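Visitor: sharing a model prediction with you, sequence too.
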Amino acid sequence: MRGTLNWDLIERIAGELGVTSHACAKWRQRNSIPHKWRLSIVLKSGGLVRWEDFVRMDRQRRSLLQ
């Protein structure tokens, strides 16, 4: 999982948290997960998704936008 997010895992966890499949598809398309969901995803993943994964995702996104 290091390097890239496991989107299947993210979508499964998000669904358990009540996020719609449409919203998850937008997250994947944008390669960005809203901050309000991040902590819940990290906690629910049991360590499979780490906070550092979001930091890396944000850095990659910023570098693409520049």
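Guide: All right, it came through fine.
Visitor: is the residue most central in space within the chain in a helix, a strand, or coil?
Guide: Of all residues in the chain, the one closest to the mean position by C-alpha atoms, centre = their mean is residue 33, 4.5 Å from it. Secondary structure assignment for residue 33 (DSSP: H, G, I helix; E, B strand; the rest coil): coil.
Visitor: where along this protein do the helices fall?
Guide: Assigned helices in the chain, in chain order: 7-16, 21-30, 35-44, 51-65 (criterion: DSSP state H).
Visitor: so what pLDDT did the residue nearest to the centre of the chain get?
Guide: On the pLDDT scale, residue 33 is placed at 96.
Visitor: over to residue 30?
Guide: Listed pLDDT for residue 30 reads 91.
Visitor: state the distance from it to residue 13.
Guide: Look at residue 30 and residue 13: by C-beta to C-beta, to the nearest Å, they are 18 Å apart. C-beta here means a position set from N, CA and C on the backbone, and glycine is covered the same way.
Visitor: with neighbour numbers in mind, choose between the two.
Guide: residue 13 (22 against 10; other C-beta atoms under 10 Å).
Visitor: so what's the residue count around residue 12?
Guide: Neighbours of residue 12 under the rule other C-beta under 10 Å: 14.
Visitor: thinking again about what came up before, thought the residue nearest to the centre of the chain was touching residue 39?
Guide: No. Assessed by C-beta atoms under 8 Å, residue 33 is found out of contact with residue 39, at 10.7 Å.
Visitor: give me phi/psi at the residue nearest to the centre of the chain?
Guide: In terms of degrees, to the nearest 10, the main-chain angles of residue 33 are phi -110, psi 130.
Visitor: wait, residue 53 touches residue 5, no?
Guide: Yes. In this structure residue 53 lies within contact range of residue 5 using C-beta under 8 Å: 5.7 Å.
Visitor: pLDDT weak spots in the chain?
Guide: For the chain, the stretches with pLDDT under 70 are 1-3.
Visitor: if we go to 50?
Guide: Scanning the chain for pLDDT under 50 picks out the ranges 1.
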